[in-house]
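Enquirer: Sharing a model that was predicted from the sequence below.
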Amino acid sequence: MNSISLQYSHQPLRPKTVLNPNARRYFLSGNSVKSVLPTTTHAVVLKSSAAGRDHRRLSSSSVDMAASAVDDRIPHIASTIRVIPDFPKPGILFQDITTLLLDPKAFKDTIDLFVERYKDQKIDVVAGIEARGFIFGPPIALAIGAKFVPMRKPKKLPGEVISEEYSLEYGTDVMEMHVGAVQAGERALVVDDLIATGGTLCAAIRLLERVGVDVVECACVIELPELKGRDRLGEKPLFVLIN
Ligand SMILES: O=P(O)(O)OC[C@H]1O[C@H](OP(=O)(O)OP(=O)(O)O)[C@H](O)[C@@H]1O
Ligand SMILES: Nc1ncnc2[nH]cnc12
């Protein structure tokens, strides 16, 4: 192990600037850099009060969120996420979940929080978004007895695919899924590490709904609320651990 990785693995705490409510934060959105003042800097877990009553349709409406409770596992998970300034471009404050993965308790607690929410929701499909949705999606799928379907960047999947183009701040990107991986009527959970503008999750939802899948909810470890990705999802429920 070289000295840099050793230092990071022992000190994965977020820089103080992220915890300062007046600090300006910078995010990567597509190919652009956005600079915003944060509205929320603390870690919360969002719990839907409707979840226990109706397993057919989860809800994380703002009303439900008002009933949110802080889970005592969340602050530790949040503390393991490293924030790297100026990556991959100057001015971007990159939320690095690889340091969360170095901490087995934080990683397990993260997966457990999702599993606790979805285990009785009759989810057939966990759709994970490349690349970091491939880290969190499969253990959730295994634990809740669902299949895992990768949503990939173009020209990576070998079989027949359906594609969905989506817009970035500058230009477009494409997401692909294997034909036959999901069936009409199946209930899906879309998993990624982070929602920023919401463009990526929207593309995944459209791709699944085009083939008749019922996207029950999207789940992310981190939300950057200032970028209003939740608004872009419209009525589609979004569950996050840290925002
Ligand atoms: O809400 P959005 O504005 O669409 O951004 C969120 C997406 O950005 C990041 O992935 P990225 O595009 O960096 O790809 P990578 O995981 O392959 O590095 C992140 O993992 C999400 O998938
Ligand atoms: N600030 C950020 N950190 C990590 N991944 C991102 N994807 C979009 N913005 C990001």
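Expert: The structure has been received and is ready for your questions. Ligands and ions are numbered 1, 2, ... in the order given.

Enquirer: and the next element down the chain from the longest helix along the chain?
Expert: In the chain, taking DSSP state H as the definition, the longest helix is helix 104-118. Downstream of helix 104-118, the next assigned helix or strand under DSSP states H and E is strand 125-129.

Enquirer: What strands line up against that next one, and which way round?
Expert: If you go by DSSP bridges, strand 125-129 pairs up with strand 147-151 (parallel), strand 187-195 (parallel).

Enquirer: residues near the residue lying closest to Arg230 once chain neighbours are set aside, how many?
Expert: Using CB to CB, 6 or more residues apart in numbering and skipping the chain neighbours, the partner closest in space to Arg230 is Leu238 (5.3 Å). C-beta coordinates here come from the backbone N, C-alpha and C atoms, glycine included. Burial measure for Leu238: 20 neighbouring residues, criterion other CB atoms under 10 Å.

Enquirer: So, low pLDDT: which residues of this structure?
Expert: Applying pLDDT under 70 to the chain flags residues 1-69, 169-170.

Enquirer: Tell me the residues of it that contact ligand 1?
Expert: Near ligand 1, the residues belonging to the chain are 29, 129-132, 192-200, 229 when assessed by CB under 6 Å from any ligand atom.

Enquirer: could you redo the last one with a cut-off of 5 Å?
Expert: Ala131, Arg132, Asp192, Asp193, Leu194, Ile195, Ala196, Thr197, Gly198, Gly199, Thr200, Gly229 (CB under 5 Å from any ligand atom).

Enquirer: residue contacts, the last one?
Expert: Same thing as Gly229. Listed by CB atoms under 8 Å, 6 or more residues apart in numbering, the contact set of Gly229 reads Ile195, Ala196, Thr197, Gly198, Gly199, Leu201, Glu223, Leu238.

Enquirer: all helices for the protein, in order.
Expert: 3-10, 16-19, 62-66, 74-80, 98-101, 104-118, 133-144, 199-210, 229-232.

Enquirer: Of the ones you listed, which is nearest Pro150?
Expert: Closest to Pro150 of the helices of the chain, according to CB to CB: helix 133-144, at 6.3 Å.

Enquirer: burial count for Ile205?
Expert: Applying other CB under 10 Å, we find 21 residues neighbouring Ile205.

Enquirer: surely it meets Val213?
Expert: No - checked against CB atoms under 8 Å, the pair Ile205 and Val213 is beyond contact range at 9.2 Å.

Enquirer: The residue nearest to Arg230: what's it in contact with?
Expert: If you count contacts by CB under 8 Å, 6+ apart, Leu238 has them with Ser60, Ile195, Leu201, Glu217, Cys218, Ala219, Cys220, Glu223, Gly229, Arg230.

Enquirer: Determine which two of those residues are furthest apart.
Expert: Across the contacts of Leu238, no pair lies farther apart than Glu217 and Gly229, at 14.3 Å, counting by CB to CB.
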